[in-house]
Structure formats: C-alpha cells, structure tokens
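# Return atomic coordinates for the entry below.
(one chain, ligands or ions: 2)
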Amino acid sequence: MSTTVTAAVAPGTGQPLTIQQLQLDDLRPDEVRVHMVATGICHTDAIVRDGIYPTPLPAVLGHEGAGIVEAVGSAIITVAPGDHVVLSAAYCGHCKNCRAGLVAYCENLMAEDFGGRRRDGSTSLSSETGPISSHFFGQSAFATRANVVETSIIKVDPTVPLAALAPLGCGLQTGAGAVFNELRPEAGTSLVVFGVGAVGSAAIMAARVAGCTTVIGVDLHDSRLHLAEQIGATHTINPATTDVVAEIAKITRGEGVNYALDTTAVPTVLRQAAAALSIRGTLALVGAAKPGTDVSFEIGSSLVKGWTFKTIIQGSAVPQVFIPRLVKLWQQGRFPFDKLIQTYALDDINTAFADSESGKIIKPVIVF
Ligand SMILES: [Zn+2]
Ligand SMILES: [Zn+2]
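Ligands and ions are numbered 1, 2, ... in the order given. Have a look, this model is predicted:
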C-alpha cells in the first residue's frame, strides 16, 4: 500500500523543478520512513538538475534532509519511530573503504548516491507516467516523506530545532570536515578559504574552532565577505578589486598561507591558491567541477616549497560520528551556522535555487 507525498520533481535537464503529488511505495526491511521537517539546498542539487551528474531524470533531488522517524523496516536497529534525524550521503557499508571507516570514499558512491535506484533497480517514487528516480543520496529529501537508506540516517539531539540542522548533512559537513578531518591546522596557523558560500563559511568557523589565528575569506560578493567577518574571518579579500596573491602575502608578512581550501573548482582560482601557499603549505579542493576539468600548477620553482594538493569528499567525515559533534559546537555558540540560513516554502523552491545561484542567500532551506 503506497502513500501519497508532495515532492519537488526535477523533470528534465536544466528545467525548473515542479511540485507534484507522487506515490511513495512500501518501506523495505533496510529502510527508514522519515517525515521531512526541512531540507537544505546544495550546489550538487543544481548540477544534477542540469544533467552534469548522471542521476536519471525525472528525479526527486534533495540531500540535506532533517526530520522525524515515522516507521522503520524490520532490519533497522539504529533508530526508532519518534527519533529526530539528519540525513547525509549514503554509503554501501561493505566495500574496503567503508570497512576502513572512509565512508565518504565508498567504492559504490556513485550508485548509492547518484544512481536514482535501489540496489534491486526499483524506485520508491512514481507518478502516473512512471517511475521517478529516488534515493538521491539515499534520501530524495525534497519530499514530505521519504524511504531513506539506513547509512544516510544520523540520530540527533531531539531538543535542537530540526529546521536549523538540515544543512549539516552535506554543505556544512563538507567545509567543517575538510578542516577538522583533513587539513587539521595547528593552533596559531593561517588558513584561506576561496568561495565563502555554505561550504566555505563552515570552513571559516571550523578554522576558528581549531585555533587558526589568521582566517582569510575570498569571494566576489561583498555581502558574503561581510558575513564571513561575523562568523570568524580575520581578513576578507574581494578579487574583483584586489590582487589576491599579493594581498595574502601582505597579510602573512611574506610567508604565504599554511592552508588553503578551494570551494570554487575554478582552475584559475586553484592556481592562485597554490601560489599563495607557504613552504609546506596544503591546498585542498572540495568544490565540484564538470568531469574532465583540468587545472595546471607551476612545478619549477614551487618544487622546493614541498607543498601538498588533495581533493576531499564530504569532509572525509563519518556522518554518524561527525554531525553530532557539529551540533554540540553549535549549542556552545562556536559553530553559528544558523546565520547562513534563509527558509523557503516548498512551493518557492525555484526561487530558493535562484537566490543561491545569484549569491544572494548562502544556505536556502526548504521548511515543510
Ligand atoms: Zn562502500
Ligand atoms: Zn551537497
């Protein structure tokens, strides 16, 4: 017996989302029925809507869900009805990397998160015209209810407002995890973030928590730089008016910056980030680019700098461990990500996407 849900459907490549009534099928033994309270909008939703990643359309996207468990499949032991949960990326749980605790690097990541199907090939969602891709990041959270895979589920403190927590599942985890789990800056060091959207803002807050004493935000939008200062940036640079590499050299007294995080995935920005590094500096990329995008770095005089370049997915986090830690930091006022959020109704989801793309709003969140 299926259930009717209201969902935002991505109908075809590059087309705006449409609000539709869909059928949600029966819960499988390894799934959790979540009554959605709020879902954040992330850049990855937009690039899948636009056909850059391979999820078959039509699809219900949404991968930063937060809600309340309504029912559990017979094999579920980690949550029970009534639990408050945040949803994050799915992983298979049985490949080499999952077994090693590197769930963000699951060997089956593309099928689990972008395949649009269960492992048996079925979808949980359908309309009169046929199946609709579901299980996007294990959840497809732009819907009033979803059948969610267990690896996407993170139980959270029920006293914390769920609408505020939605963006933790992807964007904020990505930025904060890159700093806490991969860059691991020592207290008293310097860190620059290129692009201070949701991911970059999370990295700035994390850098302050980690004890960085110089935290630089770089962005083309002055409004975002202003917010970056409010959440912990010690310096901001707008590359439209300032030479970024020269300015970073000035701020760091010629030493260069110890850690650089790029959220833009723009090749020219990555080159600037590399040029701004100190000796033994580290540059990390967390932004998604079109497959096939190339970047080139100077390797002559920069060899002696002994620098590191790495790519990071989902902040290299185990969401079930990491997200509750971010909630605790937020409760102590040390990770004030609520300053980034603007809420929208589901009917206004295309406006929310547009406001995010124009840079007007850092983190739109749909509240059901
Ligand atoms: Zn895996
Ligand atoms: Zn995302």
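# can we go C-alpha only for contacts and neighbour counts from here?
Will do.
# for this structure, what spans make up the helices?
Listed in chain order, the helices of the chain (DSSP state H) span 43-49, 96-99, 109, 162-165, 171-177, 198-210, 222-230, 244-251, 267-275, 319-331, 349-357.
# Break the chain into its domains for me.
By the assignment in automatic domain parsing, the chain contains the domains 3-169+336-367, 175-313.
# Would you mind listing what in the chain touches ligand 2?
Along the chain, the residues adjacent to ligand 2 under the rule CA under 5 Å from the ion are 42, 44, 170.
# change it to 8 Å
Counting by CA under 8 Å from the ion, the positions of the chain adjacent to ligand 2 are 41, 42, 43, 44, 45, 63, 64, 169, 170, 171.
# what's the burial count for the fifth one?
A count of neighbours around residue 45, defined by other CA atoms under 10 Å, yields 19.
# Surely it and residue 59 touch.
No - no contact is recorded between residue 45 and residue 59 when judged using CA atoms under 8 Å, the distance being 10.6 Å.
# From residue 340, how far off is residue 223?
Relative to residue 340, residue 223 is positioned 12 Å away (CA to CA, to the nearest Å).
# Just want to know which of these two has more residues nearby.
Between residue 223 and residue 340, counted using other CA under 10 Å, residue 340 has the larger neighbour count: 20 against 13.
# check contacts around the more buried one.
Residues in contact with residue 340, defined by CA atoms under 8 Å, 6 or more residues apart in numbering, are 198, 361, 362, 363.
# Nearest to ligand 2 among the residues you listed?
Distance to ligand 2 across the contacts of residue 340 (CA to the ion) is lowest for residue 198, with 9.9 Å.
# hang on, the closest one packs against residue 361?
No - at 9.4 Å, residue 198 and residue 361 do not qualify as touching, with contact defined as CA under 8 Å.
# The two: who's more crowded?
residue 198 (28 against 20).
# Now do the contacts for that one.
Each residue near residue 198 by CA under 8 Å, 6+ apart is listed here: 171, 172, 175, 340, 362, 363.
# neighbour-wise, which of those leads?
Greatest neighbour count in the contacts of residue 198, by other CA under 10 Å, goes to residue 175: 33 neighbours.
# From residue 307, how far out is it?
For residue 175, the distance to residue 307 - CA to CA - is 21 Å.
# repeat for residue 268
Residue 268 is 18 Å from residue 307, by CA to CA.
# of those two, who's got more company?
Applying other CA under 10 Å to residue 268 and residue 307 shows that residue 307 carries more neighbours, namely 16 against 12.
# Now do the same contact list for the more buried one.
277, 279, 280, 281, 282, 283.
# Distance check, the fourth one against residue 10.
Between residue 281 and residue 10 the distance, using CA to CA, works out to 41 Å.
# more neighbours, the two?
When residue 281 and residue 10 are compared on other CA under 10 Å, the one with more neighbours turns out to be residue 10, at 25 against 20.
# Verify the stated contact: the more buried one with residue 19.
No - taking contacts as CA under 8 Å, residue 10 lies outside contact range of residue 19: 9.2 Å.
# Can you check which residues contact both of those two?
Common neighbours of residue 10 and residue 19, counting by CA under 8 Å, 6+ apart, are absent.
# can you give me phi and psi for the closest residue to residue 74 other than its chain neighbours?
Excluding the flanking residues, the one nearest residue 74 by CA to CA, 6 or more residues apart in numbering is residue 29, at 4.7 Å. With angles defined as degrees, to the nearest 10, residue 29 sits at phi -60, psi -30.
# re the thing from before, going by neighbour count, which of the contacts of residue 307 are buried?
With neighbours counted using 16 or more other CA atoms under 10 Å, these contain these buried positions: 277, 279, 281, 282, 283.
# Out of these, list just those in strands.
Judged by DSSP state E, those include 277, 279, 281, 282, 283 as members of strands.
# Can you give me the neighbour number for residue 39?
There are 34 residues near residue 39, going by other CA under 10 Å.
# I'd assumed residue 144 was in contact with it.
No - counting by CA under 8 Å, residue 39 stays clear of residue 144, with 9.9 Å between them.
# one step back: may I see the domains of the chain organised as TSV, with mean pLDDT and distance to ligand 1 added?
What follows is the domains of the chain, written out as TSV (pLDDT from 0 to 100; distance: least, CA to the ion, whole Å):
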stretch	mean pLDDT	distance to ligand 1
domain 3-169+336-367	96	4
domain 175-313	96	14
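# can you tell which of those is closest to residue 321?
domain 3-169+336-367 (8.5 Å; CA to CA).
# How far does that closest one stretch from one end to the other?
OK, domain 3-169+336-367 end separation, CA to CA: 20 Å.
# do you know how far the residue of the stretch 101-250 of the chain found nearest ligand 2 is from ligand 1?
Scanning the stretch 101-250 of the chain for the residue nearest ligand 2 gives residue 170, at 4.6 Å (criterion: CA to the ion). Look at residue 170 and ligand 1: by CA to the ion, to the nearest Å, they are 18 Å apart.
# And that residue, its phi and psi?
Dihedral pair for residue 170: phi -130, psi -70, per degrees, to the nearest 10.
# Contact partners for it?
Contacts of residue 170 by CA under 8 Å, 6+ apart are 42, 63, 64, 88, 89, 314.
# Between those, which sits nearest ligand 2?
Nearest to ligand 2 among these: residue 42, at 4.6 Å, using CA to the ion.
# Report the contact partners of the nearest residue to that closest one once chain neighbours are set aside.
The shortest distance from residue 42 to any non-neighbouring residue, by CA to CA, 6+ apart, is to residue 171 (6.7 Å). By CA under 8 Å, 6+ apart, the residues touching residue 171 are 42, 198, 199, 202, 314.
# what's the distance between residue 310 and ligand 2?
Residue 310 is 19 Å from ligand 2, where distance means CA to the ion.
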